[in-house]
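Participant: Okay, here's the prediction I keep looking at, along with the sequence it came from:
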Amino acid sequence: MSDAARRKDTIAAVATPPGQGGVGIIRISGPKAVEIAAELFRATREDFTNFKPYRLHHGTVADSGGKAIDEVLAAFMPGPKSYTGEDTIEFNCHGGQAILAAVLEECLDRGARLADRGEFTLRAYLNGRMDLTQAEAVAELIHAPSKAAMHLAQVKLSGVLGQKIDGLRKRLEELRAQLCVAVDFPEEELECLPMEELARTSSEVREEISALLTAVERTKAWREGALVVLAGMVNAGKSSLMNALLGRNRAIVTEIPGTTRDYLEESLNLGGLTVRLADTAGLRSTGDSIEEAGIEKGRELMEQADLILYVVDNSETIAEENMDAATQLDPAKTIAVMNKMDVIGAEPPPWKIFKRWMFEIVKVSAKSGKNLDKLAGRMRERLLEGAGQPDPDELVPNARQAQVLKRAAQELEAMEADATAGVPYDLLGVRLETACNVLAGITGRITSEEVLDSIFDNFCIGK
């Protein structure tokens with residue numbers, strides 16, 4: 001079946017997450033949605049004749065033998081004003097996996113096809129219910145790691161980003177039109193576009209693109225969460241600190257060196273900021289190949305980290321190996337956590353040495369909980385340096401959109417340089433056309449199948 005044909009048939013899927021729950025939803029969309037639902041549904045009301053739009057109908061879903069599978073509420077959203085732009089039926093069932101699988105199987109037996117990842121939203125885009133920025137915002141909203149990220153996604157879901165990009169593209173298209181006049185009618189007495197105006201308009205558009213890209217970097221931690229890595233020598237108390245920050249025993253803690261042989265990762269909420277907290281294997285020389293692999297993975301995570309908590313046993317003298325490892329760290333992305341402050345320490349105390357190396361020092365006791373609130377506060381502040389609380393109405397492109405915007409800005413910058421160098425209008429027009437087409441790829445006005453596939457493959461089935 002061709003892609004065009006697949007996009008015109010009827011699809012069905014479970015629209016709620018896997019697992020047990022009070023309610024689970026089966027969604028059906030396409031030309032046969034109502035027909036399939038009518039075959040399955042047995043209404044409680046005797047006067048029921050057909051599904052009325054935007055109402056909940058109580059009844060049961062029955063199998064091919066007429067035996068009831070589940071008690072449900074059925075809703076009908078007629079196209080083109082449904083989510084997908086097509087006739088859509090949703091069965092609100094009890095949220096057991098066996099129930100949902102049975103109802104879905106009946107839908108498929110009656111002519112529906114199992115939906116691909118993101119296919120409901122893809123159809124909404126193809127049917128003009130939303131542009132590509134809005135479609136991507138659906139996935140961003142679902143996966144938002146914080147309330148701030150949720151609000152940023154909601155802004156794009158409203159279509160404001162798409163409108164902004166279309167406005168920028170329209171300004172460039174107007175420049176193109178004036179350049180085309182100059183190229184196509186060189187002998188006519190028509191007003192030619194001054195190079196100064198061309199450069200000024202192009203520069204203004206680039207500045208607006210730059211503002212969007214600045215917002216991407218500033219809000220990254222809110223939109224994507226942050227990675228914080230616990231590192232340090234063996235028996236410094238990394239696992240104990242992780243358990244203390246999480247408020248539960250997640251990592252195994254023993255006095256045996258090398259207990260943590262791989263890394264553990266958990267989610268931590270720091271005042272609305274979602275943090276991936278990773279406990280890594282203690283840094284030491286070892287002949288254990290498994291432990292060494294864990295140590296190497298820890299080093300990789302440290303390179304990727306937004307912040308490193310380098311945990312030190314403040315009750316012991318710093319070993320040369322610990323010194324070597326610490327001096328390789330970047331103080332700009334590291335907090336030196338002096339653990340076991342409730343134990344009488346060594347002389348000189350390790351925190352003085354780390355302070356001399358220009359590390360920020362936070363003294364804690366993972367065992368007693370002393371200063372953990374202070375550490376959590378400093379973690380949050382360090383991760384959000386320069387970011388602050390994002391404006392809930394701010395326009396923030398995602399990673400794909402940011403890359404496209406950078407390409408458009410580069411093309412405009414090159415065109416401005418060409419204009420200064422006296423390059424002919426027709427070649428400048430090529431630059432402008434490329435920039436316009438690149439921007440059109442953000443909203444989906446000009447988008448390849450490969451781009452669509454890469455976007456919607458990141459969706460869950462059922463959305």
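Facilitator: Cool, the structure landed.
Participant: For the stretch 201-350 of the chain, just list every one of the strands.
Facilitator: Along the stretch 201-350 of the chain, the stretches classed as strands by DSSP state E, counting those that start in this stretch are 226-232, 264-270, 273-279, 307-313, 334-339.
Participant: and Lys297, which of those is closest to it?
Facilitator: The stretch from the strands of the stretch 201-350 of the chain with the least distance to Lys297 (C-beta to C-beta) is strand 273-279; that distance is 9.6 Å. Backbone N, C-alpha and C define where each C-beta goes, glycine included.
Participant: Dump the strands of the stretch 201-350 of the chain into CSV; add mean neighbour count as well.
Facilitator: CSV is the format used below for those (neighbours: other C-beta atoms under 10 Å):
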stretch, mean neighbour count
strand 226-232, 25
strand 264-270, 15
strand 273-279, 22
strand 307-313, 24
strand 334-339, 26
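Participant: Mind putting these into TSV with mean pLDDT and distance to Gly66?
Facilitator: Formatted as TSV, the strands of the stretch 201-350 of the chain follow (pLDDT from 0 to 100; distance: least, C-beta to C-beta, whole Å):
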stretch	mean pLDDT	distance to Gly66
strand 226-232	89	55
strand 264-270	87	47
strand 273-279	89	49
strand 307-313	90	61
strand 334-339	91	66
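Participant: so which of these gets nearest Glu71?
Facilitator: Across the strands of the stretch 201-350 of the chain, Glu71 has its closest neighbour in strand 264-270 (36.0 Å, C-beta to C-beta).
Participant: the inter-axis angle of the closest one versus strand 273-279?
Facilitator: Using axes from the mean of the first three to the mean of the last three C-alpha atoms, to 10 degrees, the direction of strand 264-270 lies 150 degrees away from that of strand 273-279.
Participant: who touches strand 264-270?
Facilitator: For strand 264-270, the surrounding residues in contact (C-beta atoms under 8 Å, 6 or more residues apart in numbering) are 225, 228, 239, 242, 245-246, 250-251, 274-279, 376, 379-380, 383.
Participant: quick one on the thing from earlier: can you say which of the strands of the stretch 201-350 of the chain is nearest to Leu152?
Facilitator: Taking C-beta to C-beta as the criterion, Leu152 comes closest to strand 273-279 out of the strands of the stretch 201-350 of the chain, the separation being 13.5 Å.
Participant: From the contact counts, what lies against that closest one?
Facilitator: Here strand 273-279 is seen to pack against strand 226-232, helix 238-246, strand 264-270, helix 372-383 when contacts are counted using 3 or more C-beta pairs under 8 Å, 6 or more residues apart in numbering; DSSP states H and E.
Participant: What is the burial count for Pro17?
Facilitator: 11 (other C-beta atoms under 10 Å).
Participant: Excluding chain neighbours, what is closest to it?
Facilitator: Cys460 (7.8 Å; C-beta to C-beta, 6 or more residues apart in numbering).
Participant: returning to what we had before: output the strands of the stretch 201-350 of the chain as CSV; include the columns distance to Glu413.
Facilitator: Rendered in CSV, the data for the strands of the stretch 201-350 of the chain read as follows (distance: least, C-beta to C-beta, whole Å):
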stretch, distance to Glu413
strand 226-232, 32
strand 264-270, 39
strand 273-279, 35
strand 307-313, 34
strand 334-339, 36
